[in-house]
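In: what shape does this take:
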Amino acid sequence: MKGVLLAGGTGSRLLPLTKVTNKHLLPVYNKPMIYYPIETLKSMGIKEILIVSGPEHCGHILNLLGSGRDQGLSLSYEIQDESGGIAQALGLAKKFAGTENIAAILGDNIFQDKFDISDFKEGARIFIKEVEDPKRFGVAEIEGQKIKNIDEKPENPKSNLS
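Out: I've put the predicted structure just below:
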């Protein structure tokens, strides 16, 4: 299994900090935010990771992480030239994935739990949880056992699941 880390977005809610750098490079505790999803993928045994980011700050991410060799990883990079959202960003990972499954993670997500992917063979899993202020997040609209839609920062959220 390979990993895809999505590190795009403008970080508009973090302006003026994100005017000069990618939000994923801002510090959380003692390290850049992007280190947390990398550690999540690494803890799942994933060593090949594609990082997808916009052209504005992709060089900053490359300067910070390099090839990943010093972390025991193989990092690749893809530039998302247009603001096409998560679906388009994942589409850019098609060649990287080849015939292998991928674990996709957002670059600003920090998980407390560990994930076991040993039994994951097909389909997809999206991790969601209840949040107090769903207007600040991507909100999942669920129909049965399936996610029907994810509405990014909705004015009138249909649920509190993000």
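
In: burial count for K148?
Out: 10 (other C-beta atoms under 10 Å). All C-beta spots, glycine's among them, are computed from the backbone N, C-alpha and C.

In: then the one 3 residues further on?
Out: Each residue near D151 was counted by other C-beta under 10 Å, and the total is 16.

In: name the residues linked to the spatially most central residue of the chain by a beta bridge.
Out: Closest to where the C-alpha atoms of the chain average out (C-alpha atoms, centre = their mean) is L106, at 1.2 Å. The partner list for L106 in beta bridges (DSSP bridges) reads L6.

In: what is the mean pLDDT for stretch 126-145?
Out: Over the span of stretch 126-145, the pLDDT mean works out to 82.

In: could I have that stretch exported to CSV, CA atoms only?
Out: Only the C-alpha atoms of stretch 126-145 are listed here, as CSV (Å, rounded to 0.1, in the frame of the first residue of the first chain):
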residue,chain,number,x,y,z
ILE,A,126,-13.3,7.7,5.6
PHE,A,127,-12.7,8.6,9.2
ILE,A,128,-15.2,11.0,10.6
LYS,A,129,-16.2,12.1,14.1
GLU,A,130,-18.7,14.4,15.7
VAL,A,131,-17.5,18.0,16.1
GLU,A,132,-19.0,20.9,18.1
ASP,A,133,-18.8,23.5,15.3
PRO,A,134,-19.4,21.8,12.0
LYS,A,135,-19.4,25.1,10.1
ARG,A,136,-15.6,25.1,10.4
PHE,A,137,-15.1,21.7,8.7
GLY,A,138,-16.0,19.5,5.8
VAL,A,139,-19.3,18.0,6.9
ALA,A,140,-20.4,14.5,5.8
GLU,A,141,-23.9,13.8,4.6
ILE,A,142,-24.5,10.1,5.3
GLU,A,143,-27.2,7.9,3.7
GLY,A,144,-27.3,4.5,5.2
GLN,A,145,-23.7,3.2,5.4
